[in-house]
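>>> below are the sequence and a predicted model; questions follow.
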Amino acid sequence: MKYFWILLLFCSSLASSQNILPLRERASAIEAIQEERLNELLPELMAQTDLDMWVLITREYNEDPVLKTLLPPTWLNARRRTILVFSKDPNTQKVARVALTRYAFGKHFPSVWNKEEQPDQWQALADYIVAKNPKRIGINTSDYFGIADGLATTDYQGMYKALPKKYQKRLTSAEALAVAWIETRTEKEMILFQQLTEITHNIIAEAFSTQVITPGITTTEDVVWWLREKVSALGLTTWFHPTVDVQRNETSDLYAFDGKSKFDVIQLGDLLHCDFGITYLSLNTDCQELAYVLRPGEETAPEYLQEALRQGNRVQDIFMGHFKTGRSGNATLKMSLTQGQAEGLRPQIYTHPLGTYGHSAGTTFGMWDAQQGVAVGGDYPLHENTAYAIELNTKVFLPEWNKDIRVMLEEPGFWGPNGFRYIHGRQTQLLLVGGKAPHLGE
């Protein structure tokens, strides 16, 4: 395993050439991530949330979102009814993990159910729980966090009916544990996250170049489907359908979050925008970047567009400056908007947790249509070792175009013990479609 991580770090240095691990090595990486999370992270989280046991129950094609993060890399779905149980030793605080399945659940969960001795799976679960005698038994039910609400009614009823009454009373929501499990990143994951984000940035840079775009011919939809084909050719997937759109001098409409098609032919002088993210090694990215289509004779974007980007970067700086462990997303949102507006900016902030899922669980900082704050997710406090899609925009009036544009930006970021950092940098210069390669002279 040590050799594997040396290899992975080496591959990371080659990410600029889109060096993607073969499937077999990806499986090894995922197993290593799961092992680190189970051995080092889970005991800490169970202690923090004061749970003695955590029971996850799911069925094939109806997977609990938390259990999906534990699937062995050679399992694409759960099988039959899959039951995983984590039990904390009250003396050592170590967490045992088992599966009540017909066979072991990958390398990390030995099976403790012998169907020939006890044909009733529910009774086998009840017997195991009674033997461990936990005081608080966490189950995945939640009124507000869908990711923590994966226990189906049928499975809840099967477990509940099999348990003795005193253990029925010990069942409680594992919402806090499930959210913490989903939102918290480990050291190994952050090594991978940097490579993943670099790959994402490289794909965007290629998409916003004359390798893909011929002004006057190529449409925004052509670029969208090039992105999909590129990701597929690399053996990766997108977790959402990308978007590509334009803002230009000749049209009067402001980009709107209306869900309508942004289909258009890309022209010289356009300001291009994309929203794009990929999935790799159990993590997800979410990036929005901007490009300018150079006119003949131009070597850079007009200064007024570069200044617009600087205003977008300023909103990012203001926002990140208000991150503080324990502060709610709603409080951070309000402070950031207030400061931005006081500086003469016109920001919108709609940043979400990012990691195991694209729209993940944890602290939410506004939504594009909820700038006053978001109930529950926005009240959730910021924790360390968590990742976010720093998603926002600011309106900028361009006298040269006699109209407003939106500078829309999104970059993966990490909040840890040393504060905030972008996982693989952020955009501070417009990408240039038709720009000269850096090594070429006059």
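Perfect, I can see it now. Numbering: from 1, shown residues only.
>>> partner residues bridging the nearest residue to Val112 once chain neighbours are set aside?
Distance criterion Cβ to Cβ, 6 or more residues apart in numbering; nearest residue to Val112, sequence neighbours excluded, is Val98 at 4.6 Å. Where C-beta positions appear, they are placed from N, C-alpha and C, glycine not excepted. In this structure, Val98 bridges to Val85 when assessed by DSSP bridges.
>>> okay, now Val98: neighbour count?
Val98 sits with 19 neighbouring residues when counted by other Cβ atoms under 10 Å.
>>> now swap in Pro73 and tell me
Residues near Pro73, counting by other Cβ under 10 Å, number 19.
>>> again with Asn39
13.
>>> related to what we said a few turns ago, mind checking how far the residue nearest to Val112 is from Asn77?
Val98 sits 20 Å away from Asn77, taking Cβ to Cβ, to the nearest Å as the criterion.
>>> any chance you could map the strands in the stretch 201-350 of the chain?
For the stretch 201-350 of the chain, the strands defined by DSSP state E, counting those that start in this stretch cover 237-238, 243-247, 271-276, 278-280, 283-284, 287-293, 347-349.
>>> mind putting these in a markdown table, mean neighbour count, mean pLDDT and distance to Glu31 included?
Listed next are the strands of the stretch 201-350 of the chain as a markdown table, based on neighbours: other Cβ atoms under 10 Å; pLDDT from 0 to 100; distance: least, Cβ to Cβ, whole Å:
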| stretch | mean neighbour count | mean pLDDT | distance to Glu31 |
| --- | --- | --- | --- |
| strand 237-238 | 15 | 94 | 19 |
| strand 243-247 | 22 | 95 | 34 |
| strand 271-276 | 23 | 97 | 28 |
| strand 278-280 | 22 | 95 | 15 |
| strand 283-284 | 24 | 96 | 15 |
| strand 287-293 | 25 | 98 | 28 |
| strand 347-349 | 23 | 98 | 37 |
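>>> could you dump the ones you listed to TSV with distance to Ala389?
Shown next, in TSV, are the strands of the stretch 201-350 of the chain (distance: least, Cβ to Cβ, whole Å):
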stretch	distance to Ala389
strand 237-238	14
strand 243-247	14
strand 271-276	10
strand 278-280	13
strand 283-284	9
strand 287-293	8
strand 347-349	11
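>>> pretty sure the residue nearest to Val112 sits against Ala104.
No. If you go by Cβ atoms under 8 Å, Val98 and Ala104 don't touch, sitting 9.5 Å apart.
>>> okay, and the common contacts of those two?
Listed as contacting both Val98 and Ala104 by Cβ atoms under 8 Å, 6 or more residues apart in numbering are 110-111.
>>> picking that back up, what's the residue nearest to Val112 in contact with, if anything?
Contacts of Val98 by Cβ under 8 Å, 6+ apart are 84-85, 87, 109-112, 128.
>>> give me the subset of the residues you listed lying in helices.
Residues of those located in helices (DSSP state H): Tyr128.
>>> tell me the one of the contacts of Val98 nearest Leu56?
In terms of Cβ to Cβ, no member of the contacts of Val98 lies closer to Leu56 than Leu84, at 4.4 Å.
>>> can you report how many residues lie near the closest one?
By other Cβ under 10 Å, 22 other residues sit near Leu84.
>>> how about the one 5 residues further on?
Neighbour count for Asp89, taken as other Cβ under 10 Å: 12.
>>> distance check, it against Trp113.
As judged by Cβ to Cβ, Asp89 and Trp113 stand 21 Å apart.
>>> tell me the two of the contacts of Val98 that are most distant?
Taking Cβ to Cβ as the measure, the contacts of Val98 span a maximum distance of 15.1 Å, between Ser87 and Ser111.
>>> more crowded one of the two?
Ranked by neighbour count (other Cβ under 10 Å), Ser87 and Ser111 place Ser87 first, with 23 against 15.
>>> got the contact list for that one?
By Cβ under 8 Å, 6+ apart, the residues touching Ser87 are 52-53, 95-98, 132, 134.
>>> can you check Gln339 too?
Counting by Cβ under 8 Å, 6+ apart, Gln339 touches 318, 322.
>>> what's the spacing between it and Pro347?
From Gln339 across to Pro347, the span is 9 Å (Cβ to Cβ).
>>> which neighbours do the two share?
Taking Cβ under 8 Å, 6+ apart as the criterion, Gln339 and Pro347 both touch Ile318.
>>> for this protein, what helix or strand is lowest in average pLDDT?
For the chain, counting by mean pLDDT, DSSP states H and E, helix 2-13 ranks last in confidence among helices and strands (a mean of 43).
>>> quick one: name whatever helix or strand follows it.
Following helix 2-13 in sequence order, the next helix or strand is helix 23-36 (DSSP states H and E).
>>> I'd like the next helix or strand past that next one.
Following helix 23-36 in sequence order, the next helix or strand is helix 42-48 (DSSP H and E).
>>> which strands or helices does the helix or strand following that next one pack on?
Downstream of helix 42-48, the first helix or strand assigned by DSSP H and E is strand 53-59. If you count contacts as 3 or more Cβ pairs under 8 Å, 6 or more residues apart in numbering; DSSP states H and E, strand 53-59 packs onto helix 65-68, strand 81-88, helix 121-132, strand 137-139, helix 153-162.
>>> so which of those comes closest to Ile213?
Closest to Ile213 of the helices and strands packed on strand 53-59 is helix 65-68 (Cβ to Cβ; 36.7 Å).
>>> ok, residues contacting that closest one?
With contact meaning Cβ under 8 Å, 6+ apart, helix 65-68 is reached by 56, 58, 78, 82, 84, 140, 146-148, 150, 178, 181-182, 357.
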